[in-house]
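A.B. asks: the sequence and its predicted three-dimensional model are supplied below.
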Amino acid sequence: MQKYDYLIIGAGLFGCVFAHEATKKGKKCLVIDKRNHIGGNVYCENVEGINVHKYGAHIFHTNDKSIWDYVNQFAEFNNYINSPLSISKGKLYNLPFNMNTFYQLWGTKTPAEAKNIIDKQIKEHGVKTPKNLEEQALSLVGKDIYETLIKEYTEKQWGTKATKLPAFIIKRLPVRYTFNNNYFNDRYQGIPIGGYNKIIDGLLQGIDVKTNVDFFENKDELIASAKKVVYTGKIDEFYNFKFGNLEYRSLRFEHQNLATDNHQGNAVVNYNDSNVPYTRIIEHKHFEFGKQPHTVITKEYPEDWTPEKEAYYPINNDDNQKKYQQYKALTLKESNIIFGGRLAEYKYYDMHQIIASALQKAKTEFSS
Ligand code: UDP
C-alpha cells in the first residue's frame, strides 16, 4: 500500500510550493531532503537576531502580481531595495549601470553626456551580432564599463574567459539613464519579515517532512511509498550519469560575526578586481534594517564544482545543453515523475521563476 500520493525529493522552493498546492487538493505528501534543514538555498540561520542567508543572498523580486500575492500569504515583505555597490581598483561605483555610475566613471552629469560616451564606445567596438559575453557587454555598454565593472568579476565568477561565456548571462544587468540605483526593474521587491524560513514553514505546514534523507540510498523503498514522485535534485544523478556529468559552478561562503554594528553600510558590495578572491561581501543585517550591536558578513568565493560540493549555477555551454537535452528526453517518457527546479531543469532560475514554474506544474497536474 502506498502511504503517500506524492513523494517530493528536495525541500527547496519548487518542492515546497508543489507540496503545498498538492496538499490543498487533498493529496498526502512526503517531502524529503538530504540536508539537515528545509528551504534549500533560501534557508536562513538566525545568528543572534540576524537572518544569515547561508547559501548566498536572496532578494525577492517579481513583476507578476499573482506571484507576489502568493508569497505574501506566508510572510509580510519589507521595503528593502537592492542597490549594490562595486569596488574596482580602489574606487566605489553604484550598480546597476546608471547615471550615478556614469558620473563616477566620467564625471558626466546629464543623460546626453553619458549616452554620447557610451554610444561612441559601442561604435568603436562595432559588433552587431554578439557571439559571447564579452561581445555582448561591449555592444551594450562599451569598453570603460566592461573593463571597470564586468570583465574581471565575470571571469572570477565563472572561472572562464568572458569570450567563452554565453551572451545571455549579461542581459541580466540593466543600463539606465536615470539616477536610479535599484538593481531590479521589477514592480515588487523585498525581504520577508521574519526571514525566508517563515515562507518555507508556511508552505510545508501540516505536511510530512524528513530531513537528512538521501534519496539515492533508499531509492526503491522511497519510490514505493508514493503513487507519484516530484524530483528536484540533479537530473544527471537521477539517471545515474548515463550521458555523462553536467557541469556546475560552485560557491564557498565564509561567514564572520564581527563586533561592529556596521561593516560596509550596504547589504551587497561586489568586488570586481581579479586579485580579490571573492566576488562579493554580504552584510545580512542591512536586508532587514537591523539595529543589532554586532554584524554578520559573508564573503562569497566562486569555486570549481566537484561532485561533493554544492551545485549552484548550471554552466550553460553547448556541451552541457546537449547532455541536458538527452536527459530531458528521458524525463518526457516518465509518467509518474515530475521534474522541476534549478537542478532538475538545469536552468539559471530566480526564486519568482521557480515559484511560477511549480505553480504551473501543479496546475497541470491537478487539472487532469
Ligand atoms: N556581473 C558583473 N559585475 C557585477 C555583477 C554582476 O559583471 O558587479 C555579471 C556577471 O557576469 C554575473 C552576472 O552579471 O554572472 C549576473 O550577476 P547577478 O549578481 O545579477 O546574478 P547572481 O549571481 O546573483 O545570480
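C.D. replies: Okay, I see it.
A.B. asks: okay, now the residue in the stretch 201-350 of the chain positioned nearest to the ligand: neighbour count?
C.D. replies: Proximity of the stretch 201-350 of the chain to the ligand (Cβ to the nearest ligand atom) peaks at residue 270, 3.9 Å away. Every C-beta, even on glycine, is put in place using the N, C-alpha and C of the backbone. Around residue 270 there are 20 other residues, counting by other Cβ atoms under 10 Å.
A.B. asks: so what's it closest to, chain neighbours aside?
C.D. replies: Among residues not flanking residue 270 along the chain, residue 86 sits closest, at 4.2 Å (Cβ to Cβ, 6 or more residues apart in numbering).
A.B. asks: for residue 180, same thing?
C.D. replies: Nearest to residue 180 is residue 98, by Cβ to Cβ, 6+ apart, at 5.4 Å.
A.B. asks: how close does the one you found get to residue 2?
C.D. replies: Separation of residue 98 from residue 2 (Cβ to Cβ, to the nearest Å): 55 Å.
A.B. asks: again, but for residue 196
C.D. replies: Distance, residue 196 to residue 2, by Cβ to Cβ: 32 Å.
A.B. asks: more neighbours, those two?
C.D. replies: A side-by-side neighbour count of residue 196 and residue 2, using other Cβ under 10 Å, places residue 196 first with 24 against 12.
A.B. asks: enumerate the residues of the protein near the ligand.
C.D. replies: 86, 95, 149-150, 153-154, 157, 169-170, 172-173, 270 (Cβ under 6 Å from any ligand atom).
A.B. asks: 5 Å instead?
C.D. replies: 86, 150, 153-154, 157, 169, 172, 270 (Cβ under 5 Å from any ligand atom).
A.B. asks: quick check: the farthest pair among those residues?
C.D. replies: By the measure Cβ to Cβ, 86 and 169 form the most distant pair in the residues of the chain next to the ligand, at 16.3 Å.
A.B. asks: the residue of the stretch 1-150 of the chain found nearest the ligand: neighbour count?
C.D. replies: Going by Cβ to the nearest ligand atom, the ligand is nearest to residue 150 of the stretch 1-150 of the chain, at 3.7 Å. Applying other Cβ under 10 Å, we find 24 other residues in the vicinity of residue 150.
A.B. asks: how about stretch 206-216: buried residues?
C.D. replies: Residues of stretch 206-216 classed as buried: 207, 209, 213, 215 (neighbour count, 16 or more other Cβ atoms under 10 Å).
A.B. asks: and the second one, what does it touch?
C.D. replies: Right, residue 209. Contact analysis of residue 209 by Cβ atoms under 8 Å, 6 or more residues apart in numbering lists 11, 30-33, 38.
A.B. asks: now with 10 Å, please.
C.D. replies: Counting by Cβ atoms under 10 Å, 6 or more residues apart in numbering, residue 209 touches 8, 11, 15-16, 19, 29-33, 38, 200.
A.B. asks: quick check on residue 337: phi, psi?
C.D. replies: The phi/psi pair for residue 337 (degrees, to the nearest 10) reads phi -130, psi 130.
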